[in-house]
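Enquirer: Predicted model and sequence follow; I will ask about them next.
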Amino acid sequence: MKLKVLGFAAIAAVAFAAPTLAQRYLAYDQAKLVTVTGTVVGLDWMNPNSELFVRVKDVATGRDEQWVFLMGAPTRSNEYGWNADSLKPGDPVTLMMHPAKDGSQRGQMVNATLPDGRKMEASQPNPAE
């Protein structure tokens, strides 16, 4: 009986964790690195992962698009030197990221060049979060 309950619990844990892991890792093309430059719209400093919103000019159309960049959790980002005030709306920023596989305006941030010229590595989302 205990073995059946443990087996069911393991299957349930995998089933509920799969969408979360897919969103954070499988949704981004880890083989590609893309650099974009834009203007910060906002930074949501929150758990389980922070998100940076940046207005980026589309080279082909010349129109501004809002991109969302996934970062790690605030506690992990703090370890890399980030804080809630690292970037403010209106700041120019250059980001290196893994783009979304579906072609949407999303990316998993790898590093950022801040307005003062400092280059900061981004913490990556933790699958256990």
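Expert: Right, received. Where do you want to start? Nothing here was measured: the structure is a model prediction, and the numbers come from that model.
Enquirer: need the longest strand for the chain.
Expert: strand 34-44 (DSSP state E).
Enquirer: Touching that strand from outside, list them.
Expert: 50-57, 66-67, 84, 86-99, 107 (Cβ atoms under 8 Å, 6 or more residues apart in numbering). Placement of C-beta: from N, CA and C, glycine included.
Enquirer: can you give me the helices for this structure?
Expert: 2-21, 74-79 (DSSP state H).
Enquirer: which one of the ones you listed has the lowest average pLDDT?
Expert: The minimum mean pLDDT among the helices of the chain belongs to helix 2-21 (a mean of 52).
Enquirer: Give me the residue ranges of this protein where confidence is low.
Expert: Confidence mapping of the chain against pLDDT under 70 gives the ranges 1-26, 125-129.
Enquirer: Tell me how many other residues crowd W82.
Expert: 23 (other Cβ atoms under 10 Å).
Enquirer: That one against S123, yeah?
Expert: Yes. At 7.3 Å, W82 counts as touching S123 under the criterion of Cβ atoms under 8 Å.
Enquirer: what do these two both touch?
Expert: M71.
Enquirer: measure the most centrally placed residue in the chain to P99 for me?
Expert: In the chain, the centroid-proximal residue (Cα atoms, centre = their mean) is L70; its distance is 1.1 Å. As judged by Cβ to Cβ, to the nearest Å, L70 and P99 stand 11 Å apart.
Enquirer: what do those two both touch?
Expert: Y28, R106, G107.
Enquirer: tally of neighbours for the last one?
Expert: The burial metric for G107, expressed as a neighbour count using other Cβ under 10 Å, is 25.
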